[in-house]
Structures are given as C-alpha cells and as structure tokens.
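*Asks:* fold the following.
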Amino acid sequence: MKTMAPLEQSAATVEAPRAEVRGAHWIRPKLVAEIAYTEMTNEGTLRHPSYLGLREDKKPEAVALETERHTATLPAPATSTIAISNRGRVIYPESNITKGQLADHYAAVAEIMLPWVGSRPISLVRCPQGRAKKCFFQKHDAGSFGDKVHHVGITEKDGHEEPYLYVDDADGLMTCVQMGTIELHGWGARIEDVEKADRLVFDLDPDEGLDFEAVRAAAFQFRDILKSLGLTTFPMLTGGKGVHVIAPLTPQAEWPQVKDFAHRLAQAVAQTDPSHFTAVMAKAKRKGRIFVDYLRNQRGATAIMPYSARSRPGAPVAAPITWAEMKTIDAPSHFHVGDARELKKRAASKSLAMGSSRPIIAKSVAHSSTTERLVKASPRSPDWNPGTSVPFASTMAKTDPRTVASLLREYAHRTSLRGGNPYRTKAYLRAADSLAALSQPLDRIIAAGALTRIPGIGDAIADMVRGFGNTFVSCNESLL
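*Replies:* Have a look, this model is predicted:
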C-alpha cells in the first residue's frame, strides 16, 4: 500500500461496467501486478481474480494483453506505413546502393527480423549522409524518432534512469531506417527483464592476417565445448570478419553470473590453445590469433542483430545459419542488401527452426544432465528427503537459492496464465519469497535441516519440476 498510495487519483484509468468498479480506488497505471483468475469475460472483466503481488521484475512497457486466434485467421505480416524520404541518396558509394534500396531490404526482412530485435533495447549506427561520411552510435532518444520507436527506462550505474530505444513492429523498424540507420545492435536481454540474459554470444574476431578457415574451425570448436556443457548453439555470420556462436537461454541468470561464465570459458579456451585464441582485447595480443570476445555478455553490451545491414563496403548483412551450412559457407559477409528474398526463404525452412514468437533453436538444454538430475531428485521421487537426500543435494549443491526462487516465480506465473489453482500459485510465490531471503547455498541449507522449515517447499519444487518437464529451457548448471 505504501507503494500505491502516492499514485492514487480520483479519476478512473479504464472504462469498465459501473457495477464492477463500485468502491474502487484508482491509481495511475505505473505498476505491474500479477493477478490469478479463472477467465476473462468478453467485456474484459476477470472472473474470480486473486491479487498475487507486484512484479517489480517486469517493465510496464512489456505488458500486453494476450489474445487467442485460430491459425487460419491470423493476420498477414505487418507492413510499414512509414514514408522513406531521399530514396535516391547513396548510402554505400562503392556499390552505389541507395537509401531506398536499404529501406527496401528492411521492409522485406521485417517479418523475420522483428522476432529477434523486437522488444529488446537497441543501439543504432546512424549514417544520415551515407556510410562514407559521419556516422554515430545512438542508444537514447529525446523524442526525435516519434511514437513508432518506443522507450524503456533503464537504471544506469549512477542510479539515474535513461530512456533506451526499442521497436516492436515494422513501423518502428522503418522509422529507424528513415532516420538514417544502417545497423541495429541489441542487448542480450529483452525489455521484460533487462537484468536477465536470454542469450550467450561468443564473438570470434580474427586477427587481420587470418583467413576464414581459422574462424570456421574456431566456431565448431566453441560449438562442441558449449554442447558438452549442455547448451545448444547456432552460428551467425556477422557481415564483418567473424562469426557469433550464440546459445539461447531462458532469462533467469543475471548479468554478473553470465559475464563470469563467459569470461571463464573464454579464458579456459585461450589457456588451453594459446596459439589460436586469446581472451585479451588488446590488438597487440591478437597477432595471428582469434580474440574470443566474451564482453558481449554483460549489462549494456550489444551485438549486431540478425538480418541487420552492416556499415561496411558491399552492404553485407548479418544472418543466422545452420551448422551444416557453416561447413561450406564462403565468408562472414556472404549475404548482402538485395538478398532479402533468399534470406526470407531460408528463415522459413525447418533447418533454421524459426519460431512464431521467438527465434530459438528449441532443442535447448531441456535434455541436459542438469535437468535430468533435477527431475530424478524431485521431492516426489521415492528416495527424496529434504534433509538427507544425496541426489537432491548433489543437484542443487552450490546453487544460489535465489535462482531456485526465480524458477518458482516463473512457474507460478505460467500456472496463473493457464488459469491454475490461485491458492497453489500463492503457495509457490510464498515458497519463492522464503528461498530468496536465504543467503547460503542450498546444500548447506539442506545439511542444516532448514529447508524443511519452509512451508510447502517440497510440493512447490516437485510441481515445478513435473510441470516444466522436458519443455523447460534451463541455463547450464555452470550458470546456476
């Protein structure tokens, strides 16, 4: 109530049947709350609503009303209404590619690009007069982009909040192009929770003297290393000199954990094979080697987005490919502005596994040893005892209880969205709050017998493991 009291106002913030809002206290729509309910009426009223609490981890900008549609009646892909001025202006002088041709590329690939770049904080490389003239990097906006390009407030290191750019439709994307954008770079997190990464990116950046064969071999080496850790990956041609090896993640690990994991892995590879790799950024240290750029995996860092053009000679385009294609592709600048038709055709193929809502190569780590051991160590397993169980303790050893709390909250959220029992959902959240308040690793908590004193924790973890099953996309245990 202390949080809501300063936001109180007398005027209604929504239109609703008078009988439904009699006695209501209105507040400005600045907070995100989680409500469990059985169904929503045609008038938008919730049946049997139950307030579960505020979601401080969610941005108001990320909340949207979900609607059900039959696939046969889904609307056609959105097209842009943004007019592009100065279409004849030359943006790539060495190949005579104009602003109009660049805009046509983005208009054509918007359908396959937005699942990757949409609802993600972005930074733009803008070259209003062409790539041969002044270009600059932009991540904030004072309103010059209009209402098609949105803002999400993100707290900076000094504590103040800055408006970061994001787009969520073709109009937003094309507005960026109209404003002279060539490249779009995105955070490794979405606006729903900018503190939790939804991907790992290892940027393999070769020294000037290395050919692409060295990069190709390095990409496969990283694929095999990450696979051994339970992470499914795909390669992306950057349109520059190198390749990104990308591992999609469920957003549960926070940036310090993700950066530490990426840093330690990069260092391990460089120490194991120092003649071919370095984890040091300095140019002098890269001679004849590939720099494993792990710094993409930190808060505020960005990476080039799939299907973005590059501000490089020949107008190359970044593009995800399959590991089979990686064996024979000729260069990281294989695709260019003008290849939109081929890019769209490829994106629709099963080999790239493009999802309708999020582009994930969806095998993920659902079948990783970590998840399998967690399932075997479920509190409903015959040999589970929260105080003495070796399987459970070995699975959760050194795990921060806040990580398990985050998983429980996510499961509670999904249970609520499916119309599950609101009382059980509340129990999950209470167990999560109790876990989040603990500071010791779970193996120590178990050894001390403290886990048994958390009401409902056994059933909550058992339901979570059973509910997620083999569809749950987990971080590798190294991130937990």
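*Asks:* now for the helix or strand containing V215, which elements pack on it?
*Replies:* When elements are assigned from DSSP states H and E, V215 belongs to helix 212-228. Contact analysis of helix 212-228 by 3 or more CB pairs under 8 Å, 6 or more residues apart in numbering; DSSP states H and E lists strand 199-206, strand 243-248, helix 255-272, strand 290-293, helix 323-326 as its packing neighbours. C-beta: built from backbone N, CA, C; applies to glycine.
*Asks:* name the helix or strand of the chain that has the lowest mean pLDDT.
*Replies:* helix 369-376 (a mean of 34; mean pLDDT, DSSP states H and E).
*Asks:* same question for the helix holding V215, mean pLDDT?
*Replies:* Over the span of helix 212-228, the pLDDT mean works out to 94.
*Asks:* any chance you could list what contacts the helix or strand just after it?
*Replies:* Along the chain past helix 212-228, the next helix or strand (assigned with DSSP H and E) turns out to be strand 234-237. Contacts to strand 234-237, defined as CB atoms under 8 Å, 6 or more residues apart in numbering, come from residues 219, 223, 243-246, 306, 318-323, 326, 329, 331-335, 361.
*Asks:* now do stretch 13-20
*Replies:* Counting contacts by CB under 8 Å, 6+ apart, the residues outside stretch 13-20 that touch it are 26-29, 43-45.
*Asks:* dump those to JSON lines, plus distance to T155.
*Replies:* As requested, these are arranged in JSON lines below (distance: CB to CB, whole Å):
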{"residue": "W26", "distance to T155": "27"}
{"residue": "I27", "distance to T155": "22"}
{"residue": "R28", "distance to T155": "20"}
{"residue": "P29", "distance to T155": "20"}
{"residue": "E43", "distance to T155": "38"}
{"residue": "G44", "distance to T155": "33"}
{"residue": "T45", "distance to T155": "35"}
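*Asks:* what residues does the closest residue to T41 other than its chain neighbours make contact with?
*Replies:* Leaving aside its chain neighbours, T41 sits nearest to R47 (6.7 Å; criterion: CB to CB, 6 or more residues apart in numbering). In this structure, R47 makes contact with 37-41, judged by CB under 8 Å, 6+ apart.
*Asks:* now, which of these sits nearest Y411?
*Replies:* Within the contacts of R47, the smallest distance to Y411 is 17.5 Å, found for Y37 (CB to CB).
*Asks:* now do the contacts for the residue lying closest to the closest one once chain neighbours are set aside.
*Replies:* The shortest distance from Y37 to any non-neighbouring residue, by CB to CB, 6+ apart, is to L46 (4.1 Å). Taking CB under 8 Å, 6+ apart, we find L46 in contact with 35, 37, 39-40.
*Asks:* now do L295
*Replies:* By CB under 8 Å, 6+ apart, the residues touching L295 are 259, 281, 301.
*Asks:* what helix or strand is it on?
*Replies:* When elements are defined using DSSP H and E, L295 is found to belong to no helix and no strand.
*Asks:* quick one, helices of the stretch 301-450 of the chain?
*Replies:* Using DSSP state H, counting those that start in this stretch, the helices found in the stretch 301-450 of the chain span residues 323-326, 340-347, 369-376, 390-396, 401-417, 422-436, 442-447.
*Asks:* now the fifth one: average pLDDT?
*Replies:* pLDDT averaged over helix 401-417 equals 68, rounded to a whole number.
*Asks:* same deal with the first one?
*Replies:* Mean pLDDT, helix 323-326: 94.
*Asks:* what does stretch 186-199 give?
*Replies:* Over the span of stretch 186-199, the pLDDT mean works out to 93.
*Asks:* secondary structure element for E15?
*Replies:* Using DSSP H and E, E15 falls outside every helix and strand.
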